[in-house]
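S.K.: Pasted the sequence and its predicted model underneath.
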Amino acid sequence: NGASDDDIYRMRAKELNPQAASRLAEVDREEQVWKQRISVYLAARAKILKDKADAPESERQAALSELQNAQFDVDERRRLAAYEQ
């Protein structure tokens, strides 16, 4: 909590080894990128749902599918439901 990336790396390198610490740092970076992508997606999703509140359900679903297809690959789209709750 509140530790810098360098502090975390050094702690992990001490407890594990430098290679493992580097791999874990990469996982942390990937997770950060994923969370940012989800944040952007959820904001765009909320806008679609608001803008198309009076539209037919099929139109809303088509717009959401288009958004998902534009921002995520097939495997990533499987994970989206967990973030849409």
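M.R.: That came in fine, so what should we check first? Numbers count the residues shown, from 1 in each chain.
S.K.: List the buried residues in the lengthiest helix in the chain.
M.R.: The helix that spans the most residues within the chain, counting by DSSP state H, is helix 18-51. Neighbour counts over helix 18-51 (16 or more other Cβ atoms under 10 Å) mark 21, 25, 38, 41, 44-45, 48 as buried. Glycine gets a C-beta too; all of them are placed from N, C-alpha and C.
S.K.: Show the model's pLDDT score for the residue of the chain positioned farthest from its centre.
M.R.: Relative to the centre of the chain, the most outlying C-alpha is that of Lys14, 29.5 Å out, by Cα atoms, centre = their mean. In the prediction, the pLDDT value recorded for Lys14 is 95.
S.K.: if I look at it, how far off is Asp7?
M.R.: Distance of Lys14 to Asp7, computed by Cβ to Cβ, to the nearest Å: 11 Å.
S.K.: Ala55 now?
M.R.: 50 Å.
S.K.: Which one's more surrounded, the two?
M.R.: Ala55 (14 against 10; other Cβ atoms under 10 Å).
S.K.: before we move on, what SS does that one have?
M.R.: Secondary structure state of Ala55, per DSSP: H, G, I helix; E, B strand; the rest coil, is coil.
S.K.: begin at 48 from here
M.R.: Got it, first residue is 48 now, which makes that one Ala102.
S.K.: Tell me how far it lies from Ala93.
M.R.: With Cβ to Cβ as the criterion, Ala102 and Ala93 are 15 Å apart.
S.K.: Check Ala128 too.
M.R.: Applying Cβ to Cβ to Ala128 and Ala93 gives a distance of 16 Å.
S.K.: Just the local confidence number for the residue lying closest to Leu114 once chain neighbours are set aside, please.
M.R.: Distance criterion Cβ to Cβ, 6 or more residues apart in numbering; nearest residue to Leu114, sequence neighbours excluded, is Ala91 at 5.6 Å. Per-residue pLDDT puts Ala91 at 98.
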